[in-house]
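Colleague: here is a sequence together with a model predicted from it:
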Amino acid sequence: MLAPDKSSTGLDSKVVGLLCYLAGFITGIIFLIVEKESRFVKFHAMQSIIVFASVVVLSIVFSFIPVIGWFLGLLLTPLSFILWIALMLLALQGKAFKVPYIGDIAEQQANKF
């Protein structure tokens, strides 16, 4: 399990972990580029990129499917909002919660940076 470590940004790594999720994959990309040391921050940045890029892709795909896709799109919105809030709070608590499937991929990719 990844523990919060010193961030090269000068901020507390738990706060930076939260900020990785703040604007979805955009802040994830920013902190993945800016962060030089903290594996904790890199993990949250990469997970943010993958999770929210996946949500955008799913939303686009669902919009092209009549009726069932539209219904799934309506379900996706509140579920992604809840996930967004939960991931920010867990990062702020210093926990490296892994979203199923995506978390392992994010950890592997973050270790490459």
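Modeller: Ah, there it is.

Colleague: now Ser48: which helix or strand?
Modeller: Secondary structure from DSSP states H and E places Ser48 in helix 39-63.

Colleague: repeat that for Leu79.
Modeller: Leu79 belongs to helix 68-92, assigned by DSSP H and E.

Colleague: ok, residues contacting that helix?
Modeller: Around helix 68-92, the neighbours that count as contacts under CB atoms under 8 Å, 6 or more residues apart in numbering are 14-15, 17-18, 20-22, 24, 44, 47-48, 51-52, 55, 58-59, 61-63, 65, 97, 99. Quick note: C-beta positions are derived from backbone N, CA and C, even for glycine.

Colleague: what angle do the helix or strand hosting Gly103 and helix 39-63 make?
Modeller: Gly103 belongs to helix 102-112 when elements are defined using DSSP H and E. Interaxial angle, helix 102-112 versus helix 39-63 (axes from the mean of the first three to the mean of the last three CA atoms, to 10 degrees): 130 degrees.

Colleague: tell me the buried residues in the helix holding Ser48?
Modeller: 39-52, 55, 62 (16 or more other CB atoms under 10 Å).

Colleague: please list all residues in contact with the residue most central in space within the chain.
Modeller: For the chain, the residue nearest the mean C-alpha position is Ser48 (1.8 Å; CA atoms, centre = their mean). For Ser48, the contact set (CB under 8 Å, 6+ apart) comprises 20-21, 24-25, 27-28, 87.

Colleague: distance of Tyr9 relative to Glu37?
Modeller: No Tyr there; residue 9 is Thr. According to CB to CB, to the nearest Å, Thr9 stands 9 Å off from Glu37.

Colleague: oh, I was asking about Lys95
Modeller: Taking CB to CB, one finds Lys95 at 19 Å from Glu37.

Colleague: neighbour count: those two, which is higher?
Modeller: Neighbour count, other CB atoms under 10 Å: between Lys95 and Glu37, Lys95 has more, with 17 against 13.
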